[in-house]
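J.: Sequence first, then the predicted structure, then my questions.
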Amino acid sequence: MKAALLPDRGVVKVDGEDARNFLNGLVTTDLMRLGPGLGRFGALLTPQGKITTDFLITEAPAGDGGGFLIDAELVDSAAYDAHRIAFGVPRGGLDFIYGDAFPHETNMDRLHGVDFDKGCYVGQEVVSRMQHRGTARTRAVRIVLDGPAPEAGTPIVAGGKPVGTMGSSAAGAGLALIRIDRVADALAAGMALSSGGLAVRLAEPDALGTPPKQTVA
């Protein structure tokens with residue numbers, strides 16, 4: 001079995017008699033459906049529905065002491081992530097800024113990171129409203145790079161106007177947060193997308209309802 005060291009991540013254990021109910025009232029995923037050997041994707045939100053931290057969570061077997069193991073981005077120490085779960089301290093990431101993005105904008109709704117049938121949790125009212133009204137105008141999308149990669153956080157522009165923000169990238173591919181309506185209009189008008197003066201193309205332009213052909217910057 002292959003293993004990889006991820007120095008930017010840590011694991012927090014939350015246990016105790018009421019751990020399941022406590023966590024379930026805070027996070028987007030339904031812990032009532034979680035058991036040993038299963039894993040779920042989820043997030044802790046602000047009351048305004050924006051992501052403060054996202055994580056993977058599993059339940060530890062009773063033989064290992066029970067409780068829940070939360071794999072999250074490491075800040076200064078894994079213990080600090082436990083503090084963040086309790087108080088919600090935001091921190092920026094590569095593909096979106098913590099405290100500035102809704103779950104729908106990072107595709108958590110499409111990656112089973114939000115359970116729309118569970119009870120209340122922090123930020124639930126805003127997220128449910130976005131789901132039912134279909135008001136998410138920004139989405140994370142896959143992009144293709146024909147040359148050097150712009151740095152994460154660099155604005156993506158079309159016709160000189162901002163339409164998104166560059167995320168992480170590797171080996172000619174990457175992620176970006178884009179305004180769907182603005183990018184669709186730009187591509188329909190034959191405009192090219194660029195970031196930091198470098199060409200950027202959508203990996204799946206048809207997903208926006210735009211022509212498959214794009215002009216290269």
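T.: Received, thanks. Numbering: from 1, shown residues only.

J.: hey, C-alpha coordinates of the helix or strand harbouring residue 178 in CSV?
T.: Element membership for residue 178, per DSSP states H and E: strand 173-179. Provided in CSV are the C-alpha atoms of strand 173-179 (Å, rounded to 0.1, in the frame of the first residue of the first chain):
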residue,chain,number,x,y,z
ALA,A,173,-4.5,21.5,-15.5
GLY,A,174,-6.0,23.5,-12.7
LEU,A,175,-9.0,24.8,-10.9
ALA,A,176,-10.6,28.2,-11.0
LEU,A,177,-13.5,30.0,-9.4
ILE,A,178,-15.5,31.7,-12.1
ARG,A,179,-18.7,33.8,-12.5
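
J.: which parts of the very next helix or strand once past that strand are buried?
T.: Once the chain leaves strand 173-179, the next helix or strand it forms, by DSSP H and E, is helix 180-188. Neighbour-count burial for helix 180-188, with 16 or more other CB atoms under 10 Å as criterion, is recorded at 180, 182, 183, 184, 185, 186, 187. Just so you know, the C-beta spots here come from the backbone N, C-alpha and C atoms, and that holds for glycine as well.

J.: hang on, the earlier thing: which strands and helices sit next to the strand holding residue 178?
T.: Applying 3 or more CB pairs under 8 Å, 6 or more residues apart in numbering; DSSP states H and E, one finds that strand 173-179 contacts strand 138-144, strand 161-170.

J.: okay, those in a markdown table with distance to residue 22 next?
T.: As requested, these are exported to a markdown table (distance: least, CB to CB, whole Å):
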| stretch | distance to residue 22 |
| --- | --- |
| strand 138-144 | 30 |
| strand 161-170 | 32 |
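
J.: Any chance of JSON lines for those strands, columns mean pLDDT?
T.: What follows is the helices and strands packed on strand 173-179, written out as JSON lines (pLDDT from 0 to 100):
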{"stretch": "strand 138-144", "mean pLDDT": "94"}
{"stretch": "strand 161-170", "mean pLDDT": "94"}
